[in-house]
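Colleague: starting from these lines, generate the structure:
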Amino acid sequence: MMMNIHDHRLTSALRATGKSYAPSALVFTSSSRRALGIQSMTKNKPLDSELKLYAERLYNRRTEAVMLQWADVSIDSWRPHKNECHGNVSEVCVHDNRYSPARGWLYFDFNDTLPSVKFVAHSALRDMKGTLYNITPAQVTQQYPFILAEESEEEYASLVESGVTELWHLK
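Modeller: Below is the predicted model of the structure:
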């Protein structure tokens, strides 16, 4: 599917910043920690034991995972950048309000060859019908299931900004 999004509503002031989206610099608040099930922090990062519980909750939700559809997106001369899924999705959403970000986790089960699974933070693009698209270029030979985050945009951004972009869970 080819989506060419040309939206000239973006002001020259926004263009002049040259900034792509990066989650805003948020700190964990007590309410965001509670929402994530995180009780303690170390240097603004959840403790390993709490990340293990979070990974376990993701693992228990693996049946909710969906396969993302690939989409080729461009906005004028801008194209999504490899390894910048969060910024790519936000950039499209800034330009076209028919799309919203879908934050979550890619699920890697390694074809059951390992005793553990891995989750990698990822952002997808959601259209008005709820269809999810992967717009970030990647050199992968297969697609991986995507589990939507249950946290708010701010809570998810806080978690990722604290350095939590990859989680492992022992089956």
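Colleague: any idea what Trp168 is bridged to?
Modeller: Lys118 (DSSP bridges).
Colleague: my guess is it contacts Pro115, does it?
Modeller: No. Assessed by CB atoms under 8 Å, Trp168 is found out of contact with Pro115, at 10.3 Å. For every residue, glycine as well, the C-beta is placed using N, CA and C.
Colleague: comparing those two, which shows the higher neighbour count?
Modeller: Trp168 (14 against 8; other CB atoms under 10 Å).
Colleague: buried sites along the longest helix anywhere in the chain?
Modeller: Using DSSP state H, we find that the single longest helix of the chain is helix 48-60. Across helix 48-60, burial judged by 16 or more other CB atoms under 10 Å covers Glu50, Leu51, Leu53, Tyr54, Ala55, Leu58, Tyr59.
Colleague: the fifth one and Ile135: what is the separation?
Modeller: Going back to what we said before, that points to Ala55. 26 Å (CB to CB, to the nearest Å).
Colleague: do the third one as well
Modeller: Applying CB to CB, the value for Leu53 to Ile135 is 31 Å.
Colleague: same question for the first one.
Modeller: Shown here: Glu50 relative to Ile135, a distance of 31 Å by CB to CB.
Colleague: same question, Ile75
Modeller: 11 Å.
Colleague: as CSV, the buried residues of helix 48-60 with distance to Ala124 and pLDDT would be great.
Modeller: As requested, the buried residues of helix 48-60 are exported to CSV (distance: CB to CB, whole Å; pLDDT from 0 to 100):
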residue, distance to Ala124, pLDDT
Glu50, 25, 85
Leu51, 22, 90
Leu53, 25, 92
Tyr54, 20, 94
Ala55, 20, 94
Leu58, 16, 97
Tyr59, 20, 97
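Colleague: dump these to CSV, plus distance to Ser152.
Modeller: Formatted as CSV, the buried residues of helix 48-60 follow (distance: CB to CB, whole Å):
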residue, distance to Ser152
Glu50, 18
Leu51, 19
Leu53, 19
Tyr54, 15
Ala55, 19
Leu58, 17
Tyr59, 22
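Colleague: going along the chain, name the helices of this protein.
Modeller: Applying DSSP H to the chain gives helices spanning 12-17, 30-36, 48-60, 85-95, 153-161.
Colleague: ok, the buried residues of helix 48-60 vs Phe146, which is closest?
Modeller: Leu58 (11.3 Å; CB to CB).
Colleague: now do the same contact list for the closest residue in space to the closest one that isn't next to it in sequence.
Modeller: Take Leu58 and drop its neighbours on the chain: the residue closest to it by CB to CB, 6 or more residues apart in numbering is Phe119, 5.2 Å away. Counting by CB atoms under 8 Å, 6 or more residues apart in numbering, Phe119 makes contact with Ala55, Leu58, Trp105, Leu106, Tyr107, Phe108, Ile147, Glu166, Leu167, Trp168, His169.
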